[in-house]
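# Sharing a model prediction with you, sequence too.
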Amino acid sequence: MEDNGNDDPLGSNIPVKVCGKYDHELDVAVKVVQLACSLCQKVQENLVQNQDKVKAKEDSSLVTVADWSVQATVSWVLSEYFGSESISIVAEEDVQALTRVDSTALLDTVVSTVNECLSEANGFGLKGPKKSLGSSEVLEAIGRCNSNGGPKGRHWVLDPVDGTLGFVRGDQYAVALAMLEEGEVVLGVLGCPNYPMKKEWLNYHHSYYRIMSKLSSPTFESWHKGCVMYAQRGSEAWMQPLLCDNKQFSFQSLARSIRVSSIDDPALATFCEPVEKANSSHSFTAGLAHSMGLRKRPLRVYSMVKYAAIARGDAEIFMKFAKAGYKEKIWDHAAGALIIQEAGGVVTDAGGRPLDFSKGIYLEGLDRGIIACSGAVLHKKLIKAVYDSWDSSNL
Ligand SMILES: Nc1ncnc2c1ncn2[C@@H]1O[C@H](COP(=O)(O)OS(=O)(=O)O)[C@@H](OP(=O)(O)O)[C@H]1O
Ligand SMILES: [Mg+2]
Ligand SMILES: [Mg+2]
Ligand SMILES: [Mg+2]
């Protein structure tokens, strides 16, 4: 692993399993996603009790202090490591709502959230700022992420909080960071703050989070509320625990490589889909599930945690069929798609073609929907099911 120099006191102690062309980029990306996840965990704890702090955007989707603060933090760190002049970042949020005259209190909250987070950068193996950032620097960091991506050169792709609806409901969400090189996703990092290393811990986590009970936990060292998954193109996919308050335990090398499930019998397979019917047709996917012989209840989970579930074998299929006219954005899929592929799975559109991340901020040319499978057998069956049932669907 690359050593980031003297300013990086703990960097070499944080295990980031890497072996490839983009080791340094991936190392920084995993650390900044860990840092961002810790920011999100703090904001989510407050937000669940203070729903008035959730804002609606022009398209009525939600945005919170965490979305802006993570975008600012990641943008600032990437710019420090890779140069603010040359870096290209494609990300979901902009500064519009923060620069309105009636938004000073909101902006102040974002600025203090970013500074509190960056003050912990050293603990995550990253260089922090020498002094606190002012509001203009925070706005600049958010606004710098206005690249349109494209087929040439290098672009970072960030969804600061994916599944904002899950986030404000105290449920699953993800921090998603990817890097494109010449139009291809070459690295992906998915921070899943409420998705523990083992799925059996999910129920424990929910009772912990919702009731704040004092149940006896999995062994202290092994207990982590969330995980981070990552991959670079052409190597394996990895998962490690999110750093938590007891950092001395998290510094142990707990990273492990992840693989998709080996199940290829539809009767034993589980499919995941968005929670919201508005984001994907539940009736169409129920029809597909029936026709290809899936018997288990769908796993409805907010955010790219669905990709995380496929990548480490908690489920076998992911489907998303948005309404006609909705254009999928690259930041909702880039990191998750690479991690599934490097874990041995297949990700395509519903016509069986690879997703094209080279056309700007949208997945242009997407054929009907997105499907991801743990292997080729299930993928072939699913493509056939779509082919057989599309004409009779209302999509
Ligand atoms: N109408 C519509 N159709 C399809 N997709 C939409 C739509 N509106 C929004 N979005 C995008 O969906 C992202 C969340 O997707 P999910 O699969 O997590 O959906 S769900 O929250 O589980 O229902 C969500 O990501 P975040 O905004 O980062 O939360 C959006 O980019
Ligand atoms: Mg959003
Ligand atoms: Mg998203
Ligand atoms: Mg988002």
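Okay, I see it. Ligands and ions are numbered 1, 2, ... in the order given.
# residues in contact with the closest residue to ligand 3 within the chain?
In the chain, the residue that lies nearest ligand 3 is Asp162 (3.6 Å; CB to the ion). Quick note: C-beta positions are derived from backbone N, CA and C, even for glycine. Residues near Asp162 by CB atoms under 8 Å, 6 or more residues apart in numbering: 173-176, 303-304, 331-332.
# If you rank those residues by neighbours, which is first?
Ala174 (35 neighbours; other CB atoms under 10 Å).
# Does it touch Ala308 like I think?
Yes - taking CB atoms under 8 Å as the definition, Ala174 is a contact partner of Ala308 at 7.1 Å.
# CSV for the contacts of Asp162, including secondary structure, pLDDT and distance to ligand 4?
Listed next are the contacts of Asp162 as CSV, based on DSSP: H, G, I helix; E, B strand; the rest coil; pLDDT from 0 to 100; distance: CB to the ion, whole Å:
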residue, secondary structure, pLDDT, distance to ligand 4
Tyr173, coil, 98, 8
Ala174, strand, 98, 9
Val175, strand, 98, 9
Ala176, strand, 99, 8
Ser303, coil, 98, 8
Met304, coil, 98, 10
Trp331, helix, 98, 7
Asp332, helix, 98, 8
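# Please identify which pair of those lies farthest apart.
Tyr173 and Trp331 (13.5 Å; CB to CB).
# what's the nearest residue to Gln341 if we skip its chain neighbours?
Val347 (5.9 Å; CB to CB, 6 or more residues apart in numbering).
# Quick check: the one you found vs Lys381, distance?
Distance of Val347 to Lys381, given as CB to CB, to the nearest Å: 16 Å.
# any chance you could map the helices in the protein?
23-47, 65-82, 104-118, 135-143, 164-168, 201-211, 247-250, 282-292, 305-311, 334-342, 376-389 (DSSP state H).
# so where is this structure shaky, pLDDT-wise?
For the chain, the stretches flagged by pLDDT under 70 are 1-18, 203-224, 244-253, 394.
# Residue numbers of it in contact with ligand 2?
Proximity of the chain to ligand 2, by CB under 5 Å from the ion, involves residues 61, 164.
# Repeat the analysis, applying 8 Å as the threshold.
Selection of the chain residues close to ligand 2 by CB under 8 Å from the ion yields 57, 61-63, 67, 92-93, 159, 161-162, 164.
# ok, those vs Lys320, which is closest?
Checking the residues of the chain next to ligand 2 one by one against Lys320 (CB to CB), the nearest turns out to be Asp162, at 12.7 Å.
# Can you name the residues bridging to the closest one?
Beta-bridge partners of Asp162, counted by DSSP bridges, are Ala174.
# Out of the helices of the chain, which gets nearest to ligand 1?
helix 164-168 (4.0 Å; CB to the nearest ligand atom).
# who touches that closest one?
Counting by CB under 8 Å, 6+ apart, 40, 44, 47-48, 51, 54, 61-64, 66-67, 161, 172-173, 275-276, 301-303, 305 sit against helix 164-168.
# Mind checking which of these are buried?
The neighbour-count test (16 or more other CB atoms under 10 Å) marks 40, 44, 47, 54, 63-64, 66-67, 161, 172-173, 275, 301-303, 305 as buried among the contacts of helix 164-168.
# and ligand 1, which of the residues you listed reach it?
Contacts with ligand 1 within the buried ones among the contacts of helix 164-168, counted by CB under 6 Å from any ligand atom: 275, 302-303.
# Distance to Lys323 added to those residues, as a markdown table?
As requested, these are exported to a markdown table (distance: CB to CB, whole Å):
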| residue | distance to Lys323 |
| --- | --- |
| Val275 | 16 |
| Tyr302 | 18 |
| Ser303 | 19 |
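# just these now: which is nearest Tyr387?
Using CB to CB, those come closest to Tyr387 at Val275, 26.8 Å.
# show me the contacts for the closest one.
165-166, 300-302.
# if I look at the nearest residue to Leu363 once chain neighbours are set aside, how far off is Pro274?
Nearest non-adjacent residue to Leu363, counting by CB to CB, 6+ apart: Glu328, 4.4 Å away. Look at Glu328 and Pro274: by CB to CB, they are 12 Å apart.
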